[in-house]
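# structure for this input, please:
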Amino acid sequence: MGVLVLAGLLVLVIGGCVCVVWASRGGPRWVRGVAAVTLVVGELVRAFAKSNRRRSVNRSGGGGD
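Below is the predicted model of the structure:
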């Protein structure tokens, strides 16, 4: 079951990337919409990962010495 969920997620990610490339080459309006959603979700994931990374550094003390 978990493998199917991950496979479905992978298909969505690849499809979103294809739409971003297609939209940059002047695809139809629905492709530009999917590309915009893909880019927004990517920015949200990036911000979430950055905040988690900052939190984990603060918890560990952040001292490199």
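
# in the chain, where's the longest helix?
helix 29-60 (DSSP state H).

# now do the buried residues in that one.
Buried residues in helix 29-60, defined by neighbour count with 16 or more other Cβ atoms under 10 Å: 31-32, 34-35, 38. Quick note: C-beta positions are derived from backbone N, CA and C, even for glycine.

# what about that helix, average pLDDT?
Taken as a whole, helix 29-60 has a mean pLDDT of 89.

# that one - contacts with which helices or strands?
helix 2-24 (3 or more Cβ pairs under 8 Å, 6 or more residues apart in numbering; DSSP states H and E).

# measure the residue sitting nearest the centre point of the chain to residue 5 for me?
The centroid of the chain falls nearest to residue 42 when counting by Cα atoms, centre = their mean (3.1 Å). Residue 42 sits 20 Å away from residue 5, going by Cβ to Cβ, to the nearest Å.

# dump the residue contacts of the closest residue to residue 16 other than its chain neighbours.
Counting by Cβ to Cβ, 6 or more residues apart in numbering, residue 38 is the residue found nearest to residue 16 once chain neighbours are left out, at 3.4 Å. Applying Cβ atoms under 8 Å, 6 or more residues apart in numbering, we find residue 38 in contact with 16-17, 19-20.

# from residue 55, how far out is residue 38?
26 Å.

# then residue 11?
Taking Cβ to Cβ, one finds residue 11 at 31 Å from residue 55.

# next one: residue 9
For residue 9 relative to residue 55 (Cβ to Cβ), the value is 24 Å.

# give me the neighbour count for residue 15.
The local packing of residue 15 (other Cβ atoms under 10 Å) involves 12 other residues.

# appreciated, that's everything.
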